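>>> Have a look; sequence and predicted model below, questions after that.
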Amino acid sequence: MKLTAAQEKLVLHWGEMGARWGISRTVAQIHALLYFSPKPMAADEITEVLQVARSHVSNSIKELQNWGVVGVVHVMGDRRDHFQALKDVWQTFEILLDERKRREIDPTIKVLRETAAIMAEQKTAGEADAYTQERLGELLSFMENVDAWYGEVRRLPRAARVKLVTLGAKLSQFLR
């Protein structure tokens, strides 16, 4: 498979964005390649198109499968596994958000709670500790509120979440 100019631009950009988000460039490029590919691709095809090591492709595909954004597809007459990205952009976005929350927000809230508990037990009277405790309390409150809001939004039916995003953009314009 030869990438079109548009596909190449999108794959390269997605790789750049992935690197900025803390995701391997190769993982992000493979995801983009599969998302913009009209048909499922075998690992050796991905290796050839992206010019990356086969081991990188295998590991990246496993990671994308673990996230649930890439699946195995079988092609009639071909014994190899082929891979295809979810084509539903909302589902993909929500899976990625959930993964980021699990990896980044949840551990941060846990550390903030543990630290707040330690500080409450120690009851040290230093000015620096009082300031730290105040900042910690505000940050923990903020993070817990964001986490609760996210949980409420995720419990809404998908159509309502789509509407919420659409209305949110319009409300933002109205409030300006």
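That came through fine. In this text the structure is predicted, and so the values were computed from the model without any measurement.
>>> What ranges does the protein have for its strands?
41-42, 70-75, 78-85 (DSSP state E).
>>> right, so of those, which gets closest to residue 167?
When these are compared by Cβ to Cβ, strand 78-85 sits nearest residue 167, at 28.4 Å. In short, each C-beta sits where N, CA and C put it, glycine included.
>>> how far is that closest one from where the chain is centred?
In terms of Cα atoms, centre = their mean, to the nearest Å, the centre of strand 78-85 is set 23 Å apart from its chain centre.
>>> Quick check: neighbours of that strand in the sheet, parallel or antiparallel?
strand 41-42 (antiparallel), strand 70-75 (antiparallel) (DSSP bridges).
>>> quick one: low-confidence parts of the protein?
Scanning the chain for pLDDT under 70 picks out 124-125.
>>> Kindly report the domain assignment for it.
The chain breaks down into these structural domains: 5-85, 89-175 (assignment by automatic domain parsing).
>>> Would you mind listing the buried residues in the lengthiest helix in the chain?
Determined from DSSP state H, the single longest helix within the chain is helix 127-155. Buried residues in helix 127-155, counted by 16 or more other Cβ atoms under 10 Å: 133, 136, 140, 143.
>>> Now do the contacts for the nearest residue to the second one once chain neighbours are set aside.
Setting aside the residues directly before and after it, residue 136 is nearest to residue 116 in space (Cβ to Cβ, 6 or more residues apart in numbering), at 5.7 Å. Listed by Cβ atoms under 8 Å, 6 or more residues apart in numbering, the contact set of residue 116 reads 133, 136-137, 140.
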